[in-house]
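sequence and predicted structure are below.
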Amino acid sequence: MGKLQPLLTPVLKKGARWFIEWYFERDGKRIRIRKSACDGIELNSIPDLKEREKVGVGMLKDLRTRLLPAALEPEHEVFSTALLSAVELKRSTKFKTNKSFSEVARWLLEFFAAKGWKHIRCNQVTQAHIQAYFDHCIVKLKVANTTHNTRKNNLRSLFTELVTRRHFHENYVSKVPERVECDPIRRALSEQEKQIIWNYIQKTDRALTLAFVLLCYMAIRPGEIRDLRVGAIDLRRGVVRFPGRDSKNNKDSVVTIPESLLPYFQSLGLEHYPPTYFLFGQAKGRHNANMLPQPNRIGINSLSGRFRVAVRKLYQQGALKDIAGIQFYSLKDTLAIYLLDNGVDVERAMRHFRQHNLDVFQRYVKRLGVVDEKIRELPIDIKI
């Protein structure tokens, strides 16, 4: 099957009869238009071929001007151009966020190009176009429900920018139904598992030891750990400061360092490094195996990969009996249970996790299997 002709792109066809042909789309169907007359002049009535071509080119130019007007209004802009501008408008200091928006835009535009919609304008895009993309993700790409919903959320955010700037009157992505998700396979660690992993990595991996402390006792997210700079650690006040540009929720925040961990942080010798250095630095080759502070940050999966290797080794040695569901982020899950089991009230724990919605945090800890003390103490009024 030949390549589809772009929409609203007229071309001059020459043969037994000459005509100008173009396509537009209505209700998801491509409709072909052929035109051979303009202002009372019929192309095929001109016997001189040079003159016929001259008139045909003039008609073509006039049609292109009328079909593809200069995009003075935002809704007339080519959709691909508008979507890529939305990616730039969402750009932040967070590499992973930028990558997510860039990828979801690229995937959608690749789908549009494959469908012959490469040159479609914003006012020609419909709900059906967007739904067709997500149906393609499910039926052809076989993406998981979680992946589907993640793509939807990222694309919805980009469309929000387009609606704000009047490229669209409504957010079509919001109308795409969510897919039912299962809870993550990830689980929290038992106290014994946590101790086994800690004993192992503190002897073998300086970087993972520090990451363990930040994630398992201070609830600093993996992405934030990667972005953390030396100057963010204030040992005089015993806190880690997060500017909004480096925080997941884009808000300035402070995390308290437990007093018993201050000697450990003091032993790192961070005062010898410039405050702008990343706490976990990257250097070429094996010159920085310990991930000491450097001007460049580590890769996205560097720490999680090392954690996974450490857990696998402990499993092979027989120290850990079951590693199903143990992930790097399990350390943060473990902290939630640890706080609540040690009498920290839910609201205080929520603030330590730097979450701003109590309902969301309670659902989070409920999924982790936190024991409800009221139910535990419930008297049983029957004889067992």
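In hand now; what should we look at?

list the contacts for D62?
C38 (Cβ atoms under 8 Å, 6 or more residues apart in numbering). (Glycine included, C-beta is placed from N, CA and C.)

remind me which helix or strand it belongs to.
D62 is part of helix 49-67 when elements are defined by DSSP states H and E.

what about the strands in the stretch 101-250 of the chain?
233-234, 239-242 (DSSP state E, counting those that start in this stretch).

okay, now the unreliable bits of the stretch 151-300 of the chain?
By pLDDT under 70, the weakly predicted segments of the stretch 151-300 of the chain are 182-184, 244-251, 283-288.

at 80 instead, please
181-186, 243-252, 283-289 (pLDDT under 80).

so where's the stretch 1-150 of the chain uncertain?
Per-residue confidence for the stretch 1-150 of the chain (pLDDT under 80) gives these ranges: 1-9, 24-30, 38-40, 64-73, 92-96.

so which of the strands of the stretch 101-250 of the chain gets nearest P222?
strand 239-242 (13.9 Å; Cβ to Cβ).

mind listing the strands whichever helix or strand comes after the closest one pairs with, and their directions?
Remark: after strand 239-242, the chain's next helix or strand is strand 253-256, criterion DSSP H and E. If you go by DSSP bridges, strand 253-256 pairs up with strand 239-242 (antiparallel).

ok now the partner strand, how far from the chain's centre?
Put simply, strand 239-242 sits 25 Å off its chain's centre (Cα atoms, centre = their mean, to the nearest Å).

pull the CA atoms of that strand into PDB?
Output of strand 239-242 as PDB, limited to C-alpha atoms (Å, rounded to 0.1, in the frame of the first residue of the first chain):
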ATOM      1  CA  VAL A 239      18.100  19.500  57.700                       C
ATOM      2  CA  VAL A 240      18.200  18.900  54.000                       C
ATOM      3  CA  ARG A 241      16.700  21.800  52.000                       C
ATOM      4  CA  PHE A 242      14.900  21.300  48.700                       C
END
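
the domain parsing of the chain - what is it?
The chain breaks down into these domains under automatic domain parsing: 11-68, 75-175, 191-375.

what's the closest of those to Q5?
domain 11-68 (5.8 Å).

picking up where we left off before, the strands of the stretch 101-250 of the chain: which one's closest to E224?
E224 sits nearest to strand 239-242 of all these, at 6.7 Å, using Cβ to Cβ.

in the protein, which residue is closest to the centre?
Nearest to the mean C-alpha position of the chain, counting by Cα atoms, centre = their mean, stands S100 at 3.4 Å.

before we move on, back to that, most packed of the strands of the stretch 101-250 of the chain?
strand 239-242 (a mean of 19; mean count of other Cβ atoms under 10 Å).

show me where the stretch 101-250 of the chain has helices.
Listed in chain order, the helices of the stretch 101-250 of the chain (DSSP state H, counting those that start in this stretch) span 127-139, 145-164, 191-204, 206-216, 222-227.

possible to save the domains of the chain as JSON lines with distance to I185?
As requested, those are exported to JSON lines (distance: least, Cβ to Cβ, whole Å):
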{"stretch": "domain 11-68", "distance to I185": "38"}
{"stretch": "domain 75-175", "distance to I185": "11"}
{"stretch": "domain 191-375", "distance to I185": "5"}
